[in-house]
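*Asks:* One predicted model, sequence on top.
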Amino acid sequence: MTNSRYNERNGSQYAGRGFPSFSGDEASETSRLQQPVKLHPSWEENNLPEDELNFKHLTMDQASLEVHAPRDRWNLIYIVFLVHGIGTLTPWNMFITAEKYFTTYKLSESYIGYVFPYVSNFIQILTFCSQVPNVAFNWLNIFVQIGGGELTTRIVYSIGTVVVCFLVTVFLAMIDTASWPETFFWITMICVVVLNMANGVYQNTVFGMAAKLPGKYTGAIILGNNISGTFVSLASMLTTYVSNDQRIAAIYYFITALFVLFICFDTYFALPLNRYYRHHDLKAKKLALEKQDASGSQERIPYLQIIKKSRVQLYNVFCVLFVTLAVFPSIQSGVQPNDPNFFLKQPYFTQVTCFLTFNIFAMLGSLVATMVQWPKPRFLWIPVTLRLFYIPYYIFTNYQVQGNVRVLPVYFENDLVYWIISMTFAFGSGYLSSLAMMFTPQCAEPKYAATAGMLGGAFLISGIFTGILVSFIWPWAVTHIGY
C-alpha cells in the first residue's frame, strides 16, 4: 500500500471521528515532519536502541562516552593514581625519615648550646601531631563536605596547604634557628598538624576518586603508598650523598617533596582530559543524580547501611594496618642479630631486614594484588585475622630497647628464619591491604561506591594510628614483664 493511499484511507477514517482530514500531499508532509531527527550520521550508524539515544543534558561526546567504554591506554590513569598514592604518604614519610635532621642538628646540644627538653621523645611528639589530625580529618571528610562537594576543591586546597607547609619547612632549614629553638620546634609541630589535617582530606578524597573506577585503581593507591617509603629513603640517602652539610641536605630533601606534590597537582587536572576517566566519572554522576528525590533535594547518604554492608572489608583494612604499624618499625627496628656469624652485621642488619625488606616486599604485595585476587572477599578475613600472630612472634624475637635491659625471654633466635618471616609479613601487608581496599567499594551499591572507598581510607588511617599507639607499649612490656 502506498503512502498516499494509506493517508487517504486514514484521513477519511479519522475525519469521520472528528479529526481533520488530510489530502495525500499534506499527510505525506506531516509524516515527513514527524520522522525522528538524526543526531549525527556516525551516531546513527551504530543502530543504538532508543533508550541509549535519550541522553538528557549531555553533549554528543559525553553521550558517546556513556555507551562506548574506552580503554585505559598505556595505563595512564593507573599511573596517575599510583603517583597520588606516593604523594599521600610522602609528607608523613618525609618528617619521620628526617628525625636525625631535627634531633642531631636543629635541636642538638652542639647547635643550640643546651639539652633541648623535647629531643628525647621527639619522634613520639611528631607521631602524635601527625596522626591525630590525619585520623580526625579523614573521618570528617566523609561526613562533612570540607571545601564543598566538589572533589576538585578538596584536592586543590589540601595539596596547596601541604605545599605551603613544606615551603615553611624549607625556609626554616635555610635560616639559623640556634637562638630560638623553642619557636622553631613549635612552628615545626604546627606545620605538621596543619599539613596532616590537609593530607587527611587529600588521602580520603583520592580513595573516593579511585572508587569510581575498577578495583585495581584503588590497588594502585596502596601500591603507591608502599612505594612512598622506598622513595623517601632513597631521597634521604641521595641528598646526604650530594652534600655533607646537614642544612643543604635538608633543603634538597624537603624540596623533593614539593616536586612530588606538584606532580600530583598537575596529574589531577589531567584526569578530565582522559576519555577512560571521563567515562567512569559520567557513570558516577548519573548514579549521583539517582540520589536526588522528586523535589530535587539531595538524598541523605545512608552511612550506617554502607558500613553494615562493608563491615567485613572495613575490618580487614583496619586489622591489616593495625598489625603492620604495631610491629613496623617500632619492634622490627629494635631487633638485634643473635648469631655473631650471620652475614648481615649491624647497622646493615636493621637497614636490610627491617626497612629495605619491608618497603620492597610490601610494594611487591600491592603489585601482585592488582593481578591476583585471592582469597575472595568472603574469606579474606581469615588470613587477615591470622596476621595477629605476628605480634607475639616479634615480641619474642631478640627485640632490644636502647638504654634498658630486656627481661622477657627470647624464644625465636634464628636470624635467617626471622628475615624470611619479615618478608612474608611485609608482602602480606601490601597484598592484603590492597585486596581489602579494592573489595570495599564493591560491597556498597554503585552510587555509594565513592563513600565506601572513603570509609575504607578512614579505616586504613585509623588502623595505622591505633597500631602506632599500641607500639608504645612494647618497650615497657619487654623490660618489665619476665618470668
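*Replies:* Done, it's in. As the structure is a prediction and not an experimental result, all values here were calculated from the model. Residues are numbered from 1 along each chain as shown.

*Asks:* So the chain: which segments form each domain?
*Replies:* Listed domain ranges for the chain are 75-292, 300-483 (source: automatic domain parsing).

*Asks:* how near is residue 107 to residue 188?
*Replies:* 9 Å (Cβ to Cβ, to the nearest Å). Backbone N, C-alpha and C define where each C-beta goes, glycine included.

*Asks:* got it, and residue 470?
*Replies:* 26 Å.

*Asks:* what about those two, which has more around it?
*Replies:* Taking other Cβ atoms under 10 Å, residue 470 and residue 188 do not tie; residue 188 has more neighbours (22 against 16).

*Asks:* Verify the stated contact: that one with residue 166.
*Replies:* No. Contact between residue 188 and residue 166 fails when scored by Cβ atoms under 8 Å: they sit 11.6 Å apart.

*Asks:* hey, C-alpha coordinates of the host helix or strand of residue 161 in CSV?
*Replies:* Element membership of residue 161, judged by DSSP states H and E, is helix 151-174. Backbone C-alpha positions of helix 151-174 (Å, rounded to 0.1, in the frame of the first residue of the first chain) are rendered in CSV as follows:
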residue,chain,number,x,y,z
LEU,A,151,36.4,16.8,44.8
THR,A,152,38.4,19.3,42.8
THR,A,153,38.1,21.9,45.5
ARG,A,154,39.2,19.4,48.2
ILE,A,155,42.2,18.3,46.2
VAL,A,156,43.3,21.8,45.3
TYR,A,157,43.0,23.2,48.8
SER,A,158,44.5,20.1,50.5
ILE,A,159,47.6,19.8,48.2
GLY,A,160,48.0,23.6,48.3
THR,A,161,48.1,23.6,52.1
VAL,A,162,50.6,20.8,52.2
VAL,A,163,52.8,22.6,49.7
VAL,A,164,52.7,25.8,51.9
CYS,A,165,53.7,23.8,55.0
PHE,A,166,56.7,22.3,53.1
LEU,A,167,57.7,25.8,51.9
VAL,A,168,57.8,26.9,55.6
THR,A,169,59.9,23.8,56.5
VAL,A,170,62.4,24.6,53.7
PHE,A,171,62.6,28.2,54.8
LEU,A,172,63.3,27.1,58.4
ALA,A,173,66.0,24.8,57.1
MET,A,174,67.7,27.7,55.3
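
*Asks:* Who are the packing partners of the host helix or strand of residue 190?
*Replies:* Assigned by DSSP H and E, residue 190 belongs to helix 181-210. In terms of contacts (3 or more Cβ pairs under 8 Å, 6 or more residues apart in numbering; DSSP states H and E), helix 181-210 is packed against helix 76-97, helix 122-143, helix 151-174, helix 215-242, helix 449-471.

*Asks:* Please pull up the helix or strand immediately following the longest one.
*Replies:* Scanning forward in sequence from helix 215-242, with DSSP H and E defining helices and strands, the next element found is helix 246-270.

*Asks:* Buried residues of that following helix, list them for me.
*Replies:* 246, 249-258, 260-261, 264-265, 267-268 (16 or more other Cβ atoms under 10 Å).

*Asks:* on that earlier part again, and the domains of the chain as JSON lines, adding mean pLDDT?
*Replies:* Below are those laid out as JSON lines (pLDDT from 0 to 100):
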{"stretch": "domain 75-292", "mean pLDDT": "87"}
{"stretch": "domain 300-483", "mean pLDDT": "92"}
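
*Asks:* Output stretch 71-86 in PDB, but only the C-alpha positions, please.
*Replies:* Written as PDB, here are the backbone C-alpha positions of stretch 71-86 (Å, rounded to 0.1, in the frame of the first residue of the first chain):
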ATOM      1  CA  ARG A  71      40.400   1.600  27.400                       C
ATOM      2  CA  ASP A  72      43.000   3.000  29.800                       C
ATOM      3  CA  ARG A  73      45.600   3.300  27.100                       C
ATOM      4  CA  TRP A  74      49.200   2.800  28.300                       C
ATOM      5  CA  ASN A  75      47.700   2.600  31.800                       C
ATOM      6  CA  LEU A  76      47.900   6.300  32.200                       C
ATOM      7  CA  ILE A  77      45.100   6.500  34.800                       C
ATOM      8  CA  TYR A  78      46.600   3.700  36.700                       C
ATOM      9  CA  ILE A  79      50.000   5.600  36.800                       C
ATOM     10  CA  VAL A  80      48.200   8.800  37.900                       C
ATOM     11  CA  PHE A  81      46.600   7.000  40.900                       C
ATOM     12  CA  LEU A  82      50.000   5.400  41.600                       C
ATOM     13  CA  VAL A  83      51.600   8.800  41.800                       C
ATOM     14  CA  HIS A  84      48.800  10.100  44.100                       C
ATOM     15  CA  GLY A  85      49.400   7.000  46.300                       C
ATOM     16  CA  ILE A  86      53.000   8.100  46.600                       C
END
